[in-house]
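>>> sequence plus the predicted model coming up.
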Amino acid sequence: MGYKLYRSGCTITQSMFKSVRWKTFPRDFFVAQAGFALFGVAIALIIQANLGTGAWGVLAVALADLTSTTPGVMIILSGLLALILAMLLGERVGWGTVSNMLFVGPWVDFFLIFIPSVEGKLPLQVAMLLVSIALVGLASAVYISVDAGAGPRDSLMLAVSRRFQWSVQRSRATIELGVVLIGWQLEGPVGVGTLVFALLVGPAVQFGFHLLNVQPHNPPPDVELGG
């Protein structure tokens, strides 16, 4: 009986988590960290530009202000929530999914120390916003090239798409609209930058893939900040 239960537990675990390529894991982990660091710069820039952030950034900043913590901490916790929901909906995740959840937030807080908040200087704010979007495209290409699992938020989007038979675009739009509305109600940074990010992040990711010649096994959906 115990053996059968053990075997059953192994089967469940294996069905929930994608296998790890241990032979290339050290290199893959280093590359993924480079992608997470780029995400950290991008998120710090868009927060400090004060023109509005991406959907999950709106929620993270709002919760950070309410709890007197940091955006990075809230990025970790919101990523954990997204990961749990995705797994409850049956989505398989990889080590990269968990690493994304754990490491993007600390990188954000690290770069927020060095990137000052800018207000009343529109040209600089616009430049910071556009650089942030470009970096998201590059970071996405770097991270996804490892093929270690989608980020927790993208995993949730894929799980919703599969469970409710919705398109990826509809699933993404529904989740992010809900996240933005919650963040907005909590006085998060919704602004023109939120719209600009939503419109340009897809092309930025595609350009990042072209620039680095990344050919993932499955073409990724548009990537939210931090995935």
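Sure, I can see it.

>>> ok, now how distant is M101 from F29?
Going from M101 to F29 by CB to CB, to the nearest Å gives 15 Å. To be clear about C-beta, it is placed using only N, CA and C from the backbone, and glycine gets the same treatment.

>>> who has more neighbours, those two?
M101 (25 against 16; other CB atoms under 10 Å).

>>> with adjacent residues omitted, what lies nearest to the more buried one?
G79 (3.8 Å; CB to CB, 6 or more residues apart in numbering).

>>> so what's the one you found up against?
By CB atoms under 8 Å, 6 or more residues apart in numbering, the residues touching G79 are N100, M101, V104, G105, G151, P152, R153, G226.

>>> please repeat the previous calculation with a cut-off of 7 Å.
Residues in contact with G79, defined by CB atoms under 7 Å, 6 or more residues apart in numbering, are N100, M101, P152, R153.

>>> what is the subsequent helix or strand relative to the host helix or strand of it?
According to DSSP states H and E, G79 maps onto helix 71-88. Proceeding N to C from helix 71-88, the next assigned helix or strand is helix 95-112, under DSSP H and E.

>>> rounded mean pLDDT for that following helix, please.
Here helix 95-112 scores 95 as its mean pLDDT.

>>> what does stretch 69-86 give?
Stretch 69-86 carries an average pLDDT of 96.

>>> can I get the contacts of G79 in TSV including distance to A55?
Compiled in TSV, the contacts of G79 are given as follows (distance: CB to CB, whole Å):
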residue	distance to A55
N100	16
M101	17
P152	14
R153	9
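
>>> before we move on, back to that, any idea how far L59 is from the residue nearest to M101?
Distance, G79 to L59, using CB to CB: 11 Å.

>>> do A173 as well
16 Å.

>>> just want to know which of the two has more residues nearby.
The neighbour comparison of A173 against L59 (other CB under 10 Å) goes to L59, with 25 against 15.

>>> so what's the more buried one up against?
L59 sits next to S78, V179, I182, G183, G188 when contact means CB under 7 Å, 6+ apart.

>>> buried subset of the residues you listed?
S78, V179, G183, G188 (16 or more other CB atoms under 10 Å).

>>> those residues in helices, which ones?
Applying DSSP state H to these, the entries found in helices are S78, V179, G183.

>>> could these be laid out in JSON lines, adding distance to R92?
Rendered in JSON lines, the data for those read as follows (distance: CB to CB, whole Å):
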{"residue": "S78", "distance to R92": "21"}
{"residue": "V179", "distance to R92": "23"}
{"residue": "G183", "distance to R92": "28"}
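
>>> buried ones in the helix or strand T194 falls within?
Element membership for T194, per DSSP H and E: helix 192-212. Using 16+ other CB under 10 Å as the test for burial, helix 192-212 gives G193, T194, V196, F197, A198, L200, V201, A204, V205, Q206, G208, F209.
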